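Asks: Next come a sequence and a model predicted from it.
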There are 2 protein chains.
Amino acid sequence: MSIEFSNRMASMRGSAIREIFKYAADPNVISLAGGNPAPELFPNEELAGIAEELLRESPILSLQYGITEGYGELRDMVKARMKTVESIGNAEDELIIVSGGQQGIELTTKCLVNEGDTVIVEEPSFIGATNAFRSYGAHLVGVPVNNDGMDLDRLEEVIAENKNVRFIYTIPTFQNPMGVTMSVEKRRRLYEIALKNHIFILEDNPYGELTFDGKKTPTIKSMDTENIVIYSGSFSKILAPGLRLGFLCAKKELITKIVVAKQVSDVHTAMLPQLLATEFMKRYDLDALIAKMRATYAHKCKTMLGAMDEYFPKDVAYTRPGGGLFIWCDLGHGVDTLLLSKEAIEKKVVYVPGNTFMVDMNAPSSALRLNYSTMSDERIVEGVKRLGDVFANVKG
Amino acid sequence: MSIEFSNRMASMRGSAIREIFKYAADPNVISLAGGNPAPELFPNEELAGIAEELLRESPILSLQYGITEGYGELRDMVKARMKTVESIGNAEDELIIVSGGQQGIELTTKCLVNEGDTVIVEEPSFIGATNAFRSYGAHLVGVPVNNDGMDLDRLEEVIAENKNVRFIYTIPTFQNPMGVTMSVEKRRRLYEIALKNHIFILEDNPYGELTFDGKKTPTIKSMDTENIVIYSGSFSKILAPGLRLGFLCAKKELITKIVVAKQVSDVHTAMLPQLLATEFMKRYDLDALIAKMRATYAHKCKTMLGAMDEYFPKDVAYTRPGGGLFIWCDLGHGVDTLLLSKEAIEKKVVYVPGNTFMVDMNAPSSALRLNYSTMSDERIVEGVKRLGDVFANVKG
């Protein structure tokens, strides 16, 4: 019996990044394709002690069904933290704990987007989000990103050209895949444009706290007096991704609906990850851990940029991130980085080709994404050197 | 700015059971409304030791991103266990780990059901599943359930009457909410009907191992030579629900698509719950734990049925389950158990009214669901006694 899939899922394929990861499993291959946080920074000893104590002393709390909204104490702590760190959350807002930032994005789409409705995305953008939008049959429209964020003149045109625009998806800080940050002026103007056009903003901020110099740009949500910003946060990059722990902060009425959607999706987020995050924040200093991450990633990013300055052909352009996990490279006119990735694999180095992050993934892209977060300095330099050789053949 | 929800979610409300649970929080109220497993059977000491060791010695495995399909060792162990315990899984099948049985049902619906497509459900049926179907705009059609399972003559009529039937959802063993089990003859005939009509069967079997006398009816999936049965399993009732751990076994091509859907839903199931289940099965005897559960639930069920025989009016009909967590009561013509629940709450006892489990939740139901799994014998007897008083007023 052949399978007739739903329209929304029929054309969906797995992430192209997964194919690249097959090569990355070879220890002789240097992978600049990942997006994993540095595992040496996981507070695993602390979490081991907490987990042991929780399971031994609080079996019902740790192992019985919980409520869909999330563990009460964790919700309160995240609300308080978001208020302090990001100036987020007013009386009309509510917060739900979700099973990783990805789930917040998926549930938001399920609740707001009919098949054929428009979702506006930065181009390039995070494939996990764009695929979540595609999985509900959204009509994706891209807006180019400059070094100071989304091209807002183009955004206004796109809004005028498209019907049923449900929300604008943005990663304003240390964007995935570009590593760039939207200026505060652009954030204010983006908010005004969305408000004027009655469109929600889905602000995805998994990397915001990973600022190298400690300076932070105000979140768009912090400007949100009218409750049109849906803020997606995550513990993946500040604690550990294997916990699958994130949260959404938005207008109460929307969160109420998202609770219903989450109830039929996974009932609630696993209790142990929720309790581990709660107790870690109570007993230890999450900000001190984040400070270590900032220093580590700042060093690794500097190492990678230094190697790129040395080993890349001079006409290769790349971003210089102030935080986060990614650098975006552009090889310029005529280069197809998907084709080029085969040569890179031969030279035992992998990256993510730029087309992965575009609305039209079939169009060739001259750009690519590099990641520095999980490797040693030596591997970073050697990986960049190998890539420089690949590029030299093309550009020469 | 008002929120325009997607068509699929616009009319969705939270489960009515949640309202009842508000009253159940009062310690003076005896709740027969739950569906939670007995917490005294959680192997929390064993899991505490495992969690501590895993986090201390395997930080990358426990805390880094995992793969969408699920942790390899757990998949292999679940495949092997399903082969042994349920005779499930042939060369054309594949298995994915999901974040609780609920997620398996939701992802299956997302991949197979367009808005307006028909899903056939037992009536009454599990509200978590029917709401998952509703959340994708499915056209739900109910088929009555007798003491030996679904009315298959009616099923054939329903298939003839409806277009685009995508699957038949059944909980054949210790059904929720009725506690009844489909006979092996009916299972065979159901499979033939589905095969003849090119319709999938979604077989949900969270309670199958909780058989009081150790006897088991073959799963429908065990008859599935043509790979038309999607089998949903769960660790919630045999280990602990707070882990949010389940699995789906189905035709490879369908599992491949479900992996894509899961990737955009939560990337992967949290690692620690997956590892806890894996190591628990390796180091301890899951079957011995399940044997304890069988004995405990058999005793609690017998206690409840004994009290019902003693305290309920003679014309109240109820099922006598051979396993699982639920008993279904019918008060007969003219009684509305939703209205009656207010009187029950006054007498400090709560149950789930039957309308909750129906396709048309607004039509009055004379039936209700009782649960015995989490209470002491004394509370079970006292709860049934209180309920008997409520019923006596109605039936008198």
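Replies: Done, it's in.
Asks: Residue A:258: how many residues sit nearby?
Replies: Each residue near residue A:258 was counted by other Cβ atoms under 10 Å in any protein chain shown, and the total is 27. From N, CA and C alone the C-beta is placed, and that goes for glycine too.
Asks: Equivalent analysis for residue A:67, please.
Replies: Residues near residue A:67, counting by other Cβ under 10 Å: 15.
Asks: for residue A:109, same thing?
Replies: With other Cβ under 10 Å as criterion, residue A:109 counts 26.
Asks: ok, and does whichever helix or strand it is part of reach over to chain B?
Replies: Per DSSP states H and E, residue A:109 falls inside helix A:101-112. Yes. Against chain B, helix A:101-112 shows contacts by Cβ under 8 Å from any Cβ of the partner chain at A:102, A:103, A:106, A:110, A:111, A:112.
Asks: Domain ranges for chain A, per the record?
Replies: When chain A is parsed with automatic domain parsing, its domains come out as A:7-42+A:288-395, A:66-283.
Asks: Not counting its neighbours along the chain, what's nearest the residue in the stretch 251-396 of chain A positioned nearest to chain B?
Replies: Residue nearest to chain B within the stretch 251-396 of chain A: residue A:271 (3.7 Å; Cβ to the nearest Cβ). Closest residue to residue A:271 apart from its sequence neighbours, by Cβ to Cβ, 6 or more residues apart in numbering or on different chains: residue B:242 at 3.7 Å.
Asks: Phi, psi for the one you found please.
Replies: phi -60, psi -10 (degrees, to the nearest 10).
Asks: which ones are touching it?
Replies: Under the criterion of Cβ atoms under 8 Å, 6 or more residues apart in numbering or on different chains, the neighbours of residue B:242 are A:62, A:63, A:64, A:65, A:66, A:270, A:271, A:272.
Asks: can you check residue A:8 too?
Replies: If you count contacts by Cβ under 8 Å, 6+ apart, residue A:8 has them with A:115, A:135, A:136, A:137, B:110, B:114.
Asks: quick one on the thing from earlier: okay, among the contacts of residue B:242, which ones form the most distant pair?
Replies: A:65 and A:272 (13.1 Å; Cβ to Cβ).
Asks: the more surrounded of the two?
Replies: Higher neighbour count among residue A:65 and residue A:272: residue A:272, with 27 against 19, using other Cβ under 10 Å.
Asks: any idea how far that one is from residue B:69?
Replies: 21 Å (Cβ to Cβ, to the nearest Å).
Asks: if we can go back for a sec, now render the contacts of residue A:8 as CSV, adding distance to residue B:310.
Replies: Putting the contacts of residue A:8 into CSV (distance: Cβ to Cβ, whole Å) gives the following:
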residue, distance to residue B:310
A:115, 56
A:135, 54
A:136, 53
A:137, 57
B:110, 47
B:114, 51
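Asks: what's the farthest-apart pair in those residues?
Replies: Farthest apart among the contacts of residue A:8 by Cβ to Cβ are A:135 and B:114. That separation is 13.4 Å.
Asks: More neighbours: those two, which one.
Replies: The residue with more neighbours, out of residue A:135 and residue B:114, is residue A:135; 24 against 19, by other Cβ under 10 Å.
Asks: where does chain A have low pLDDT?
Replies: A:15-19, A:395-396 (pLDDT under 70).
Asks: Which elements pack onto the longest strand anywhere in chain A?
Replies: The longest strand of chain A (DSSP state E) is strand A:139-146. Applying 3 or more Cβ pairs under 8 Å, 6 or more residues apart in numbering or on different chains; DSSP states H and E, one finds that strand A:139-146 contacts strand A:118-123, helix A:127-134, helix A:152-161.
Asks: and residue A:208, backbone torsions?
Replies: Dihedral angles phi and psi of residue A:208 (degrees, to the nearest 10) take the values phi -50, psi -40.
Asks: In three-state terms, label the closest residue to it other than its chain neighbours for me.
Replies: Excluding the flanking residues, the one nearest residue A:208 by Cβ to Cβ, 6+ apart is residue A:173, at 4.4 Å. Here residue A:173 is coil, with the state taken from DSSP: H, G, I helix; E, B strand; the rest coil.
Asks: my read: residue A:208 touches residue A:88, true?
Replies: No. Residue A:208 lies out of contact with residue A:88 (Cβ atoms under 8 Å); the separation is 10.6 Å.
Asks: Mutual contacts of those two, please.
Replies: Taking Cβ under 8 Å, 6+ apart as the contact rule, the neighbours common to residue A:208 and residue A:88 are residue A:219.
Asks: What strand or helix carries residue A:309?
Replies: helix A:286-311.
Asks: buried sites along that helix?
Replies: A:286, A:289-290, A:293-294, A:296-298, A:300-301, A:303-305, A:307-308, A:311 (16 or more other Cβ atoms under 10 Å in any protein chain shown).
Asks: How about the backbone phi and psi for residue A:35?
Replies: phi -150, psi 20.
Asks: wouldn't it be in contact with residue A:371 here?
Replies: Yes. With contact defined as Cβ under 8 Å, residue A:35 and residue A:371 form a contacting pair (5.7 Å).
Asks: Who has more neighbours out of the two?
Replies: The neighbour count for residue A:35 versus residue A:371, taken as other Cβ under 10 Å, is higher for residue A:371 (26 against 22).
Asks: what ranges do the strands span in chain A?
Replies: All strands of chain A, identified by DSSP E, fall at A:30-31, A:93-98, A:118-123, A:139-146, A:149-150, A:165-170, A:200-204, A:229-234, A:246-251, A:317-318, A:326-330, A:349-350, A:352-353, A:367-371.
Asks: of all those strands, which lies closest to residue A:277?
Replies: strand A:93-98 (9.0 Å).
Asks: give me every residue that touches residue A:1.
Replies: The contact partners of residue A:1, by Cβ under 8 Å, 6+ apart, come to B:195, B:198, B:226, B:227, B:228.
Asks: Show me which of those are buried.
Replies: By 16+ other Cβ under 10 Å, those give B:195, B:227, B:228 as buried.
Asks: Also near chain A: which of those, exactly?
Replies: Filtering the buried ones among the contacts of residue A:1 for neighbours of chain A using Cβ under 8 Å from any Cβ leaves B:195, B:227, B:228.
Asks: quick one: which of these is nearest to residue A:379?
Replies: Of all those, residue B:227 has the smallest distance to residue A:379: 44.2 Å, by Cβ to Cβ.
Asks: at contact distance from chain B, anything in stretch A:349-363?
Replies: No. Judged by Cβ under 8 Å from any Cβ, stretch A:349-363 stays clear of chain B, getting no closer than 13.7 Å.
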